[in-house]
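1. Structure for the following, please:
(chains A and B)
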Amino acid sequence: MATIKAVRGTRDLLPPDTILWNRVEATARSVFARYGFGEIRTPVFEATELFARGVGEETDIVSKEMYTWEDRGRAESDRGQSLTLRPENTAGVVRAYIEHGMADNGMLEKLFYIGPQFRRERPQRGRYRQFWQIGAEVLGPPWSGSDSALRDAEVLEMLATLLNELGIEGWRLALNSVGSAEDRKRYSVALREALEPVKHNLCEDNQRRAETNPLRVLDSKDPGDQEIINGLPKISEFWSEDSRTHFDQVKAALDACNVPYVEDPRLVRGLDYYTRTTFEFTVPDGSGLGTQNALLGGGRYDGLSEMLGGPKAPGIGFAIGEDRLILTLQAQAKEAEPAKLDAFVAPMGVGQNAAALKLAQELRRAGLGVEVGDGSWRLKKSFETADKLARKMIIVGEDELASDVFTVKDFSKGEQLKVSRTELLETLQRPSLSTSSVAVRKKSNIERLAEASVIKPDDLSKHDQAILENLSDSEVQTLIQLRQKLGKEKASSDIWHPGLDINL
RNA sequence: GCGGCUAUAGUUCAGUGGCAGAACGCCGCUCUGUGGCAGCGGAUGUCGUGGGUUCGAAACCCACUAGCCGCCCCA
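-> Okay, the predicted model is just below:
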């Protein structure tokens, strides 16, 4: 039977990767909290109309990348309603902001979200059809100061802090202003005019853009078109006095906070709602993203609330591509080793299984991370499994249960000691076994052989024979010296060593 | 959506038309309460799916699916 697999562009996130995901999200929550942001969770699907009006009918996202379907409710009201899996989260946040009258308290709202988004694109590394974004929005009525350049700089400074705390290396902040909605409109017209006489010289993609979205011609990567693009009017020539002042204030505040940035006059964001400040954080080549090197993007959206039928509520926000952030952290080798459990409880036989589970229960209740083995395993398997999973192993056999004294192995030190039941918890909570306790170091194979009465093939197990056969010359010397020290050797011929093919 | 590369064991991969392979990992034994090393043994599998060519296909051809790379776009 054909197995069912995750659909194209979606994927499962498994341990140990999820450790990193949780660390990233915990770090983000911690940083956001320090800047006064509260979490918002909006539905993963919304009325299609929201994205058409908010993101822009002409954008690629809305025109060809949305997962859209017609609802089939019983009620007349929802039958046939067009619904869409959210391709981004800003429109949903602003919709909720309007719907819950959050503008009415006159305060600045600072909201963050962490959640999956959906776009039907061709999957690639760092680009998935279900992908995760960590984003935040600052918005409010004009009198709350929501359109102040201070907020732009605060958001950018917060992002710099977040990336630094996560340990992202070599990030680069590209900054631009696309001007007010009016500036942008005038610029768009001017671009169209400037492109008209030359656009037949552009590549096919750019000819199309010249018609549909002339701003996007600016960040084309086509090398043949660069000369024409360089000759086009600059957005800065179309900034109003307010737009220019606002941008200067953002830059001044970033300078004051020592947040490095690079002005990029060609940085125009694809979504229709952006006004004035736009920005993008990228990472250098070799950070695991290939050409998809944008980690996050965002900007100001002073008119979005009104576009969605709400009150005047300027805002600024960003979305971090969490999948890309994770890839970058992994490529930059920041992946944490999976944390080991505190203890592994190893029952010696199935008869000790119940007692072992009970001991694990007590330790877990005391807050320790504990895994339990199985009495049907050989001790060797318990050791191997325990060493992979935990820092220490407790042997639970008949002797231990009878005497209430347990054998505890510390893998980090190779030490082993006997601990009474009452001391057990304390012993396990210590980072490593105390030196004040009587530590019993495991005997090496050589030491064990040194204590054997006679070393002759007939008297040795196959295991010991194999060990002997594989001793290096220096190990053989050590063995002989040990035996002489122990007074075992009357004659050196008591040691048989096949590797040297002599009687020593 | 467009162009290209790839798909074989749990993993990484070899295998250019003639018995399905290696390494690592896994399991067992040597070794019944002291592991990690070593030796020996074992299981890995619809060779992505479906069709075609051929006496014979993992290999050649076609389609599909998925991943990756670039473009488009974007996080």
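
2. Endpoints of stretch A:300-308, how far apart?
-> End-to-end span of stretch A:300-308 (CA to CA, to the nearest Å): 16 Å.

3. Next: stretch A:199-208.
-> Span of stretch A:199-208 from end to end, CA to CA: 9 Å.

4. Per the annotation, how does chain A divide into domains?
-> As recorded under automatic domain parsing, the domains making up chain A are A:17-180+A:240-331, A:181-236, A:343-441, A:448-503.

5. Report the contact partners of the residue nearest to A:L254 when sequence neighbours are not counted.
-> Leaving aside its chain neighbours, A:L254 sits nearest to A:A153 (5.3 Å; criterion: CB to CB, 6 or more residues apart in numbering). For glycine as for every other residue, the C-beta is placed from the backbone atoms N, C-alpha and C. A:A153 sits next to A:249-250, A:253-254, A:257, A:259 when contact means CB atoms under 8 Å, 6 or more residues apart in numbering.

6. What are the contacting residues of stretch A:217-230?
-> With CB under 8 Å, 6+ apart, stretch A:217-230 has contacts from A:191, A:195, A:198, A:201-203, A:205-206, A:209-210, A:232, A:265-268.

7. Oops, could you answer that again for stretch A:365-374 instead?
-> By CB under 8 Å, 6+ apart, stretch A:365-374 touches A:339, A:341-347, A:350, A:353, A:356-357, A:360, A:363-364, A:381-382, A:385-386, A:389-390, A:425, A:428-429.

8. restrict the residues you listed to those near RNA strand B?
-> A:K381 (CB under 7 Å from any atom of the strand).

9. of the contacts of stretch A:365-374, buried ones?
-> A:342-347, A:353, A:356, A:360, A:363, A:382, A:385-386, A:389-390, A:425, A:428 (16 or more other CB atoms under 10 Å).

10. out of everything not next to it in sequence, what's closest to the closest residue to RNA strand B within the stretch 51-200 of chain A?
-> At 2.8 Å from RNA strand B, A:R125 is the closest residue in the stretch 51-200 of chain A, using CB to the nearest atom of the strand. The shortest distance from A:R125 to any non-neighbouring residue, by CB to CB, 6+ apart, is to A:G290 (6.0 Å).

11. I'd assumed A:G126 was in contact with the one you found.
-> Yes: using CB atoms under 8 Å, A:G290 makes contact with A:G126 at a distance of 7.0 Å.

12. who's more crowded, those two?
-> Higher neighbour count among A:G290 and A:G126: A:G126, with 22 against 13, using other CB atoms under 10 Å.

13. Quick one: residues contacting the residue nearest to A:R125.
-> Per CB under 8 Å, 6+ apart, neighbours of A:G290: A:124-126.

14. Quick check: residues of the stretch 151-300 of chain A near RNA strand B?
-> So far as CB under 7 Å from any atom of the strand goes, the stretch 151-300 of chain A lies against RNA strand B at A:205, A:209, A:216, A:220-222, A:269-271, A:280, A:290-292, A:294-298.

15. Show me just the buried residues among those.
-> A:209, A:216, A:220, A:269-271, A:280, A:292, A:295-298.

16. Helices of the stretch 1-150 of chain A, start to end?
-> Taking DSSP state H, counting those that start in this stretch as the test, the helices found in the stretch 1-150 of chain A are A:17-34, A:48-51, A:60-64, A:90-99, A:149-166.

17. Turn the ones you listed into JSON lines, including mean pLDDT.
-> Output for the helices of the stretch 1-150 of chain A, formatted as JSON lines (pLDDT from 0 to 100):
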{"stretch": "helix A:17-34", "mean pLDDT": "94"}
{"stretch": "helix A:48-51", "mean pLDDT": "94"}
{"stretch": "helix A:60-64", "mean pLDDT": "84"}
{"stretch": "helix A:90-99", "mean pLDDT": "97"}
{"stretch": "helix A:149-166", "mean pLDDT": "97"}
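
18. Among those helices, show me which one is buried the most.
-> helix A:90-99 (a mean of 22; mean count of other CB atoms under 10 Å).

19. Mind giving me the packing neighbours of that one?
-> Contacts defined by 3 or more CB pairs under 8 Å, 6 or more residues apart in numbering; DSSP states H and E place helix A:90-99 against strand A:45-47, helix A:48-51, strand A:109-118, strand A:130-139, helix A:304-307, strand A:315-321.

20. Since that was my last question, I'll sign off now.
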